[in-house]
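# sequence and predicted structure below; questions after.
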Amino acid sequence: MSKLNPVPQGFYFLSIIFSKKYFRMSDISELVELQFFQDYDILKPTYNPSLTYYSKEMGTLESLDRVIFGSLKPLDRDQFVDWKVKATFIEEKTAVNGNRIINIDVGFLSLEQMILATGKPYAHRLYLAKGVYADLQYIYKKGKFEFLAWTYPDYQHEEKQHFFKELRSKLLSYDKTKFLGYHKNP
């Protein structure tokens with residue numbers, strides 16, 4: 001019989017694509033701080049093949065920008081679905097003429113994996129709740145993140161792998177009794 005134990009915490013991250021016509025970088029930082037988390041690392045990726053896909057809805061390729069915010073405070077995994085629901089609400093609320101001007105991808109980084117939240121089902125995506133699926137992008141094995149057959153091309157790029165490896169090392173620096181779900185007897 002398996003025993004249900006407390007689940008280790010991890011770092012959330014937000015990969016945000018936005019229209020520079022409607023948002024400045026300072027607006028995006030403020031949104032993250034007000035709605036999600038305040039302590040973070042930032043990656044301004046140079047390799048962004050997904051911008052071409054999003055330009056069909058959000059405006060010209062030149063008008064789009066992308067930034068990834070990685071939380072620096074361990075948080076419970078149980079918020080994953082709610083964060084995706086909140087991100088989707090923000091995207092819909094800010095839409096102009098039915099088109100999104102911001103795309104907020106919610107992800108979670110633990111010591112053993114990196115996952116994205118999505119509303120799109122697929123064979124490798126596990127349903128969680130409220131229309132949200134977990135999409136496994138990396139597994140941590142033999143001292144590095146390994147991407148999978150379905151990992152998005154931009155997450156296969158070394159700059160993103162390096163960013164997540166650095167975040168993982170910061171996660172490791174936390175006192176394990178505080179974030180791994182272990183409880184001392186009173």
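On my side now, so go ahead.

# report the beta-bridge partners for L136.
Beta bridges link L136 to I115, judged by DSSP bridges.

# what's across from the most centrally placed residue in the chain in the sheet?
The centre of the chain sits closest to G107, judged by C-alpha atoms, centre = their mean, with a distance of 2.3 Å. Beta-bridge pairing for G107 (DSSP bridges): F13, L116.

# wouldn't it be in contact with I115 here?
Yes - G107 lies in contact with I115 (C-beta atoms under 8 Å); the separation is 6.3 Å. (Each C-beta comes from the backbone N, C-alpha and C, glycine too.)

# so what's in contact with these two at the same time?
Listed as contacting both G107 and I115 by C-beta atoms under 8 Å, 6 or more residues apart in numbering are Q137.

# same for the helix or strand where I42 lies, what does it pack against?
Assigned by DSSP states H and E, I42 belongs to strand 40-43. Packing contacts for strand 40-43, counted by 3 or more C-beta pairs under 8 Å, 6 or more residues apart in numbering; DSSP states H and E, involve strand 64-71, helix 158-172.

# comparing these by mean pLDDT, which bottoms out?
Mean pLDDT is lowest for helix 158-172 among the helices and strands packed on strand 40-43, at a mean of 94.
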